[in-house]
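*Asks:* Build me a model from this:
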Amino acid sequence: MATMDQTSKFCKKCNAQTLHARPGTNHLVHALVTLLLCGFWLPIWILASLKIGGWKCQTCGCGGSHVVRIGLGVVCVVLFLVLLSIVASQTDHNKQTAREGSHHPQTQLQQTPQSVSQPQQQSELKHYQKIRTQGKTHFAWIDPQHKYEPNVYEQAVTEMGGDKQFCKILFWDSHSSIPKSLPMSDEQLNSQVAQYERNRATEHERFFYMQNGNMVEPFGKLPSETPIPVAKSVSEPSSKPTNNPKPDSSQPDNPQNKTEKQNYAEGENVHVGYTSYAVWRSWWSNRLSKNQFLNQRPDAMYLFVELSVRNNDKKPRMIPPFTLVDDSGAEHQASSNGWAVQGSIGLINSLNPSVNKQGFVIFDVPQGRKYRLKLSGGYWSLKDAYVQLTPKTSRDDAIRAEKDQQNAKEKAAKKRQADAKRQAAKKRRETDEAAKWRTWTNSAGTHKTEAKYGGTISGEVKLTKRDGTVVRVPLDKLSDADQQWIKDRKK
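*Replies:* Numbering: from 1, shown residues only. Predicted structure coming up:
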């Protein structure tokens, strides 16, 4: 729809101040054309908006020359044709470069920066690719020739993680090893080369390399802060000596000391390898978290296991993974949805020596089965232990049952203490009663009598015989042993 600009000017022909008008700019049409042409029409829009002359008196019709505006229109058309020719030539150049690169890949890699555009350079430097995503977990491929270059991982983390609060990226150097979904198989875990995890709600951020299914220590928050692993197998601890000494039978982690797996109950302390555990309680829930942004529906049912872990070693250690074993012998891994929940114990949590950490592990398993929690002695330990779980319907029920059990134990302990006190008092009375009856001897040693001691009054000893007769004997008339016995009784 056409628009008109109006103003008040002095008309020489009318010799008076009259209303003047000129055609305006239809900004709506220009805006639509600019959007359709991806911004190329913007300079023309600016030139078309320039207003130089063209005012026409509305009284006498004098003025209104459009020479300037026609000139601006011609400039706009010429400028638009120039832009179209530049874009067309650049497109043809890119297509020709792509065709040449497809036939001569070596030549494409050796091109100088002047002959290759900036987007093409970035594409060549991208040695990674996101394959698929499951929830908040990304599965990514990385070029095997660049799998130990921190800057490649930095680019992948920046692109896939962005500014997200939760991010987890798993890297493989082979497309065939990348799992289609979690949980992954042992073969897929063994072929994983690196992993990045971030949870800003708990201020947790960690990157680490992996070899043979194990995490390579030490770790860093970012790839640039993580040392590149040396070329050695991580199936053995880094502190293992190279001269193959005689195995020490006193070491708890020695393979020769592997003992039978032990079973425990909830609430008991478990010492296995260089790690100590205490499983406090377990409960079922169909909710992952009260936070609606973190809550995800379970595939079966969430089983929460609350426990504490302690590192008994002399150096920092990673918390070993937790496994749930059902009554058929099937093993279940912890749910990948639970690592972002505050309070959960993740796979990459580490503990310093003599440090205790309490939290919970979440499993997504069906109800109606009996489960045992498999506890490992550590990544370098061959020892395991099992804790029989008795999950309740909720955490409140678990705490209530635990309190009831604790109260029952306290009542039983108090009853045992009271019974022990009564038995001790009875035995003491019997002992005292037996001690009062003794054989008394005079100082000359010529006369003896069996009587019960009744006390000493004014230097005389009151004695009661078996027949009930009461006699009083001066203290100095008794033997030295009897006098000493009376003195001891007074003490």
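*Asks:* Check K95 and give its pLDDT.
*Replies:* Looking at K95, its pLDDT reads 64.
*Asks:* Could you do V82 as well?
*Replies:* 80.
*Asks:* On the three-state scheme, it is what?
*Replies:* helix (DSSP: H, G, I helix; E, B strand; the rest coil).
*Asks:* Tell me how many other residues crowd it.
*Replies:* 10 (other Cβ atoms under 10 Å). All C-beta atoms are positioned from the backbone trio N, CA, C, and that covers glycine.
*Asks:* what sits against D143?
*Replies:* H127, Y128, V152, D173 (Cβ atoms under 8 Å, 6 or more residues apart in numbering).
*Asks:* How much space separates the third one from S276?
*Replies:* Spelled out, that is V152. 40 Å (Cβ to Cβ, to the nearest Å).
*Asks:* Neighbour count: the two, which is higher?
*Replies:* It is V152, of V152 and S276, that has more neighbours when counted by other Cβ under 10 Å, with 21 against 17.
*Asks:* For the more buried one, pull up the helix or strand it's in.
*Replies:* helix 150-161 (DSSP states H and E).
*Asks:* Can you list the strands that the next helix or strand after that helix pairs with?
*Replies:* Elements were assigned by DSSP H and E; along the chain past helix 150-161, the next helix or strand is strand 166-172. Paired neighbours of strand 166-172 in the sheet (DSSP bridges): strand 137-142 (parallel), strand 192-199 (antiparallel).
*Asks:* In the following helix or strand past strand 166-172, which residues are buried?
*Replies:* Heading C-terminal from strand 166-172, the first helix or strand you meet, by DSSP H and E, is helix 186-190. For helix 186-190, a neighbour-count test (16 or more other Cβ atoms under 10 Å) marks Q188, L189 as buried.
*Asks:* that older thread, which two of the contacts of D143 have the greatest separation?
*Replies:* The span of the contacts of D143, defined through Cβ to Cβ, is set by V152 and D173 at 11.3 Å.
*Asks:* Could you name every residue contacting both of the two?
*Replies:* Contacts common to V152 and D173, judged by Cβ under 8 Å, 6+ apart, are I142, D143.
*Asks:* And D313, how far from L375?
*Replies:* Taking Cβ to Cβ, one finds D313 at 15 Å from L375.
*Asks:* If you count surrounding residues, which of these two has more?
*Replies:* The neighbour comparison of D313 against L375 (other Cβ under 10 Å) goes to L375, with 26 against 17.
*Asks:* Low-confidence ranges, the stretch 251-400 of the chain, go.
*Replies:* Within the stretch 251-400 of the chain, the stretches with pLDDT under 70 are 251-261, 346-349, 379-381.
*Asks:* Swap in 50 and give it another go.
*Replies:* Scanning the stretch 251-400 of the chain for pLDDT under 50 picks out 251-260.
*Asks:* for the stretch 51-200 of the chain, same thing?
*Replies:* Checking the stretch 51-200 of the chain against pLDDT under 50 turns up 101-124.
*Asks:* Please enumerate the helices of this structure.
*Replies:* Ranges of helices in the chain, per DSSP state H, are 27-36, 42-49, 67-103, 105-109, 118-124, 150-161, 186-190, 395-436, 480-490.
*Asks:* that older thread, quickly compare the strands paired with strand 166-172 and say which is most buried.
*Replies:* strand 192-199 (a mean of 22; mean count of other Cβ atoms under 10 Å).
*Asks:* Could I get the CA-only coordinates of that strand as CSV?
*Replies:* Output in CSV follows, covering the C-alpha atoms of strand 192-199 (Å, rounded to 0.1, in the frame of the first residue of the first chain):
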residue,chain,number,x,y,z
GLN,A,192,35.4,-46.3,24.5
VAL,A,193,38.3,-43.8,24.3
ALA,A,194,37.1,-40.8,26.4
GLN,A,195,34.2,-39.3,28.3
TYR,A,196,33.1,-35.8,29.4
GLU,A,197,30.5,-35.1,32.0
ARG,A,198,29.1,-31.8,33.4
ASN,A,199,26.4,-31.0,36.1
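*Asks:* Okay, angle between it and helix 150-161 too, please.
*Replies:* 50 degrees (axes from the mean of the first three to the mean of the last three Cα atoms, to 10 degrees).
*Asks:* related to what we said a few turns ago, between the contacts of D143, which is nearest T59?
*Replies:* Y128 (73.4 Å).
*Asks:* what's the neighbour count on the nearest residue to N442 once chain neighbours are set aside?
*Replies:* With sequence-adjacent residues excluded and distances taken as Cβ to Cβ, 6 or more residues apart in numbering, N442 is closest to K477, at 5.8 Å. By the criterion of other Cβ under 10 Å, K477 has 14 neighbours.
*Asks:* looking at it, K477 is touching S443, isn't it?
*Replies:* Yes. In terms of Cβ atoms under 8 Å, K477 counts as a neighbour of S443; the distance is 5.6 Å.
*Asks:* R281: neighbouring residues, count only.
*Replies:* 21.
*Asks:* For it, list each beta-bridge partner.
*Replies:* Beta-bridge partners of R281, as defined by DSSP bridges: E306.
*Asks:* what sits against it?
*Replies:* E266, E306, K392, R395, A398, I399, E402.
*Asks:* What separation is there between the third one and P150?
*Replies:* It stands for K392. For K392 relative to P150 (Cβ to Cβ), the value is 47 Å.
*Asks:* Now that Y277 has come up, it's in contact with V305, right?
*Replies:* No. Shown here, Y277 and V305 do not form a contact pair, counting by Cβ under 8 Å, at 10.5 Å.
*Asks:* which one is W45 nearest to, not counting chain neighbours?
*Replies:* The nearest residue in space to W45 (Cβ to Cβ, 6+ apart) is H30, at 4.1 Å.
*Asks:* Tell me the confidence at that neighbour?
*Replies:* So, for H30, pLDDT stands at 78.
*Asks:* I'd assumed P43 was in contact with it.
*Replies:* No. Under the criterion of Cβ under 8 Å, H30 makes no contact with P43, lying 11.0 Å away.
*Asks:* Quick one: residues contacting the closest residue to V341 other than its chain neighbours.
*Replies:* Using Cβ to Cβ, 6+ apart and skipping residues adjacent in sequence, the residue nearest V341 is S289, 5.0 Å away. Contacts for S289 were tallied using Cβ under 8 Å, 6+ apart; they are N295, V341, Q342.
*Asks:* The residues you listed into a markdown table, with extra columns for neighbour count and distance to T202?
*Replies:* A markdown table is the format used below for the contacts of S289 (neighbours: other Cβ atoms under 10 Å; distance: Cβ to Cβ, whole Å):
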| residue | neighbour count | distance to T202 |
| --- | --- | --- |
| N295 | 13 | 17 |
| V341 | 24 | 9 |
| Q342 | 12 | 6 |
